[in-house]
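Enquirer: after the sequence you'll find the predicted model.
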Number of protein chains: 2
Amino acid sequence: MFSFRVLKSDGSARLGELVTPHGVIKTPVFMPVGTQGTVKAMIPSLLEEVGAQIILGNTYHLYLRPGVEVVEGAGGLHRFIGWHKPILTDSGGFQVFSLSRERNDKRSSVKVLEEGVEFKDHLSGDRHFFTPEKVVQIEEALGADIIMPLDVCIEYPTTYARAKEAVELTIRWLDRSIRVKRREDQVLFAIVQGSVYEDLRLESAYMSMERDLFGYAIGGLSVGEPKEEMYRITRVVCSVLPWDKPRYLMGVGLPEDIVEAVASGVDMFDCVAPTRMARTGTLFTSQGRINIKSKIYEKDYDPPDPNCDCYTCSNFSRAYLRHLYKAEEISAYILNTIHNLRFYHRLMEDIRRSIEESRFEEFRKNFLRSWLRTSY
Amino acid sequence: MFSFRVLKSDGSARLGELVTPHGVIKTPVFMPVGTQGTVKAMIPSLLEEVGAQIILGNTYHLYLRPGVEVVEGAGGLHRFIGWHKPILTDSGGFQVFSLSRERNDKRSSVKVLEEGVEFKDHLSGDRHFFTPEKVVQIEEALGADIIMPLDVCIEYPTTYARAKEAVELTIRWLDRSIRVKRREDQVLFAIVQGSVYEDLRLESAYMSMERDLFGYAIGGLSVGEPKEEMYRITRVVCSVLPWDKPRYLMGVGLPEDIVEAVASGVDMFDCVAPTRMARTGTLFTSQGRINIKSKIYEKDYDPPDPNCDCYTCSNFSRAYLRHLYKAEEISAYILNTIHNLRFYHRLMEDIRRSIEESRFEEFRKNFLRSWLRTSY
């Protein structure tokens, strides 16, 4: 029902194929984030058009709203949201820590116990208690193809001692997750933690590997650390992960981060950047990042990206997108999101092709040179 | 380049064909409203999917934002907004009167002079002066297939004397509009005014007909008068309009209004109801109007309308739409709008088929009986 194969490698970069009950995923893959049961400003038909192979669901958000029962009653998340390709649900660990913190303005209301994590939700402020067991049960009810165990996401920067505790508790929670997991049409990944401490990351990776999971995620990155730290930790962790298992760098990232992480051997990515930035008017283009709100586009009748094959670039001008954005039209968010997601998916297609053709290193150099020069 | 033919009639209801440079329109037709250069929460590909044959643009809104120059620079409205089927632009008359009034809280800032109308816009509050000549020039720059002349839209209720003045000034403005009109790939309609006074409506209709326009619109209805008044005036005006010219009932209406007006001989309609109500969660269905926000739909896994063939009803449940709406997801507005517009367009298809098959009166009775019983 599930399998993963590395079809070809080029340096540490890998071209792979991940088989799930809802379809085959070509890796490296980017997974659009469908926080509350929808990728924001998208509908499934448009998602398929941009090339999405798999999307994310957020356990934390779906648990709060509409609630697990509602999704279960529909026959699971795929049927509820009308997306019949693969889905991955995260455990909610990241949201528990980050959103509860936000709500409570520095004084964190998150209490981490051996048993689980107590938190106030960001909507009503009600108290909840997540245990690793409960999270697996929720994810089994949601029914995604790939599920993540509850983990301890600590802030950056943090002390070595706190990071070590988080690594150890994350592993104990992983064991409890493995123990209660029942469904055979879902696979569980482990999440490697350890902040920016290499020895903790390695310890976390080795302990995870001893549990022999279907795949391995790298968590706790892209949380404020310098990019070089993110790249370094990704390299170190990937260097010890089993070659024949998928690797997922959680919450990453910008195009340059993805290209760098593929170079280290990462297969799967998710990030809100393309969708969120679309809604603030930032477009990713072959000529770098542009902000469509700018006055300079008022009478610019070129497509947002002349080298893009998306619906938006095939039919509309920068001037029109700017107008829609200034007029606060919903279609601005739709068209910008189509474009940004297509940019990300075409980037992944280009990456896969370059690995296939054994020229990933050349692709990476050329892409980064041009992208970094034009975007920053 | 332009023609209109009544292909068949059934009582006063007519099946017609309106040929324009951007395509052939089957009438009776509903025209979705694209206020600011986009139908709200839609993109052209989705509009085509629901069956839209022609959309509206608002001269008032486009003049203010993005401005005529920007649209002209793109090569006209069709190219600017990426909609290559027919477009109709209204003259802005209605907006000048209604939006300026709104902004200024009863004390109207609209000054109607023989020369034209002075108003403050609803965005910046800047003063503007629209003359019939200026409006035609703007509409020629926008380049819609069908254009409307500046008219005087008075409030309801109003006195006979005020309504009469408005009728007469509207005709003098029509003459000035005809005089400056240049483009041959656009046709101008006349607008019949006269509030709820039958003799004024007839006077307005006859004076308009003397000018021999391509089509005739009925303006100043659906502005607060009882429905029976609207139906009565529509019947009276249609009874004298030339048989071989298209008739457009402006700003109307709800499904029952459309069916009644078709029965009186109207060919064209526009209304913000399906799109605006979609964004507040009201769905038009074969079982009447429903509000998707309602708690009763929390675990209702039926499609919004089991008899609907739209993308939304083919793929999603009431429970899912309710969830998206409660979560304030943009996709809620997209999916609701797709459904409501498809409902309207299928209604028009049903109307056309029933005229074709000489059973419109039966259709009308059945539709109204079921629709009114379930919707109110």
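Expert: The structure has been received and is ready for your questions. Numbers count the residues shown, from 1 in each chain, chains lettered A, B, ... in the order given.
Enquirer: and the spatially closest residue to A:Phe316 that is not a sequence neighbour, what does it touch?
Expert: Closest residue in space to A:Phe316, ignoring its immediate chain neighbours: B:Gly82 at 5.1 Å, by CB to CB, 6 or more residues apart in numbering or on different chains. For the C-beta atoms, the positions are set from N, CA and C on the backbone; glycine is no exception. By CB atoms under 8 Å, 6 or more residues apart in numbering or on different chains, the contact set of B:Gly82 is A:315-316, A:320, B:44.
Enquirer: the strands in the stretch 101-250 of chain A, which residues?
Expert: A:111-112, A:117-120, A:127-130, A:146-147, A:187-192, A:215-218, A:247-249 (DSSP state E, counting those that start in this stretch).
Enquirer: show me how far the third one is from its chain's centre.
Expert: Meaning strand A:127-130. Put simply, strand A:127-130 sits 24 Å off its chain's centre (CA atoms, centre = their mean, to the nearest Å).
Enquirer: so for that strand, what's the average pLDDT?
Expert: Strand A:127-130 carries an average pLDDT of 96.
Enquirer: buried sites along that strand?
Expert: Within strand A:127-130, the residues scored as buried using 16 or more other CB atoms under 10 Å in any protein chain shown are A:128, A:130.
Enquirer: count the neighbours of A:Ser286 for me.
Expert: 15 (other CB atoms under 10 Å in any protein chain shown).
Enquirer: how close does the nearest residue to it once chain neighbours are set aside get to A:His78?
Expert: Among residues not flanking A:Ser286 along the chain, A:Asn307 sits closest, at 4.1 Å (CB to CB, 6+ apart). Noted for A:Asn307: a distance of 34 Å to A:His78, by CB to CB, to the nearest Å.
Enquirer: who's in contact with the closest residue to A:Ser354 other than its chain neighbours?
Expert: Computed as CB to CB, 6+ apart, the closest residue to A:Ser354 that is not its neighbour in sequence is A:Phe363, at 3.6 Å. Residues in contact with A:Phe363 (CB under 8 Å, 6+ apart) are A:350-351, A:354.
Enquirer: if we can go back for a sec, and A:Val39, which of the strands of the stretch 101-250 of chain A is closest to it?
Expert: Closest approach to A:Val39 among those is made by strand A:146-147 (16.7 Å; CB to CB).
Enquirer: hmm, back to that, in helices only, show me the contacts of A:Phe363.
Expert: Taking DSSP state H, the ones among the contacts of A:Phe363 that sit in helices are A:350-351, A:354.
Enquirer: who wins on neighbours among these?
Expert: The most crowded member of those, judged by other CB under 10 Å, is A:Ile351 (24 neighbours).
Enquirer: using CSV, write out every CA atom in the helix or strand harbouring A:Val6.
Expert: Using DSSP states H and E, A:Val6 maps to strand A:3-10. The C-alpha trace of strand A:3-10 is given here as CSV (Å, rounded to 0.1, in the frame of the first residue of the first chain):
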residue,chain,number,x,y,z
SER,A,3,6.4,2.3,-0.7
PHE,A,4,9.3,4.7,-1.3
ARG,A,5,12.0,4.2,-3.9
VAL,A,6,14.9,6.4,-4.7
LEU,A,7,14.9,6.2,-8.5
LYS,A,8,18.1,8.2,-9.1
SER,A,9,20.5,10.3,-7.2
ASP,A,10,22.8,13.1,-8.2
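Enquirer: could you pull out the buried residues of the helix or strand just after it?
Expert: Using DSSP H and E, the helix or strand that follows strand A:3-10 towards the C-terminus is strand A:13-20. Neighbour counts over strand A:13-20 (16+ other CB under 10 Å) mark A:13-16, A:18, A:20 as buried.
Enquirer: same deal with stretch A:169-181?
Expert: Buried residues in stretch A:169-181 (16+ other CB under 10 Å): A:169-171, A:173-174, A:176-178, A:181.
Enquirer: contacts for that stretch?
Expert: Against stretch A:169-181 from outside (CB under 8 Å, 6+ apart): A:112, A:114, A:116, A:131-133, A:135-137, A:140, A:147, A:149-152, A:188, A:190-191, A:193, A:204, A:207-208, A:211, A:213.
Enquirer: what's the helix or strand for A:Val24?
Expert: strand A:23-27.
Enquirer: try A:Leu321
Expert: helix A:318-326.
Enquirer: do that helix and chain B meet?
Expert: Yes - for helix A:318-326, a contact with chain B is found by CB under 8 Å from any CB of the partner chain, at A:319-320, A:322-324, A:326.
Enquirer: run through the neighbouring helices and strands of that helix.
Expert: Helices and strands touching helix A:318-326, by 3 or more CB pairs under 8 Å, 6 or more residues apart in numbering or on different chains; DSSP states H and E, are helix A:330-356, helix B:68-73, helix B:77-81.
Enquirer: out of these, flag the one nearest A:Val29.
Expert: With CB to CB as the criterion, A:Val29 lies closest to helix A:330-356 of the helices and strands packed on helix A:318-326, at 6.2 Å.
Enquirer: where does the stretch 151-300 of chain A come near chain B, residue by residue?
Expert: A:298-299.
Enquirer: quick one: the helices in the stretch 151-300 of chain A?
Expert: Taking DSSP state H, counting those that start in this stretch as the criterion, the stretch 151-300 of chain A carries its helices at A:160-180, A:198-210, A:227-240, A:255-264, A:273-278.
Enquirer: what number of residues lie near A:Leu213?
Expert: With other CB under 10 Å as criterion, A:Leu213 counts 21.
Enquirer: check A:Glu114 too.
Expert: 8.
Enquirer: leaving out the residues flanking it, which one is nearest to A:Ile54?
Expert: A:Pro86 is the one closest to A:Ile54 (CB to CB, 6+ apart), at 4.1 Å.
Enquirer: relative to chain B, which of the contacts of A:Phe363 is nearest.
Expert: A:Asp350 (25.1 Å; CB to the nearest CB).
Enquirer: and the pLDDT at that closest one?
Expert: 98.
Enquirer: got the contact list for it?
Expert: A:363, A:367.
Enquirer: try 10 Å
Expert: By CB atoms under 10 Å, 6 or more residues apart in numbering or on different chains, the residues touching A:Asp350 are A:259, A:360, A:363, A:367.
Enquirer: equivalent analysis for A:Leu88, please.
Expert: A:20, A:25, A:31, A:34, A:54-57, A:139, A:144-148, A:186-187, A:189, A:215, A:217, A:248, A:268, A:270.
Enquirer: how about the residue in the stretch 151-300 of chain A that chain B sits nearest to: what's its closest non-neighbour residue?
Expert: Using CB to the nearest CB, the closest approach of the stretch 151-300 of chain A to chain B is made by A:Lys299 at 5.0 Å. Excluding the flanking residues, the one nearest A:Lys299 by CB to CB, 6+ apart is B:Gly73, at 5.0 Å.
Enquirer: what distance do you get for A:Val68 to chain B?
Expert: 12 Å (CB to the nearest CB, to the nearest Å).
Enquirer: isn't A:Pro86 up against A:Gln53?
Expert: Yes - with contacts counted by CB atoms under 10 Å, A:Pro86 reaches A:Gln53, the gap being 7.0 Å.
Enquirer: joint contacts of these two?
Expert: A:18, A:20, A:22-25, A:29, A:31.
Enquirer: buried among these? Need that as a selection in PyMOL.
Expert: A single PyMOL command suffices to select whichever of these are buried according to 16+ other CB under 10 Å:
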select buried, chain A and resi 18+20+22+25+29+31
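Enquirer: what's the closest of the shared contacts of A:Pro86 and A:Gln53 to chain B?
Expert: The closest of those, once distances to chain B are taken by CB to the nearest CB, is A:His22, at 15.5 Å.
Enquirer: find the nearest non-adjacent residue to A:Arg235, please.
Expert: A:Ser264 (4.5 Å).
Enquirer: typed the wrong thing, it's A:Ala190
Expert: Nearest one to A:Ala190, counting by CB to CB, 6+ apart, is A:Ser208 at 3.6 Å.
Enquirer: run a quick neighbour tally on that neighbour.
Expert: The burial count for A:Ser208: 24, using other CB under 10 Å.
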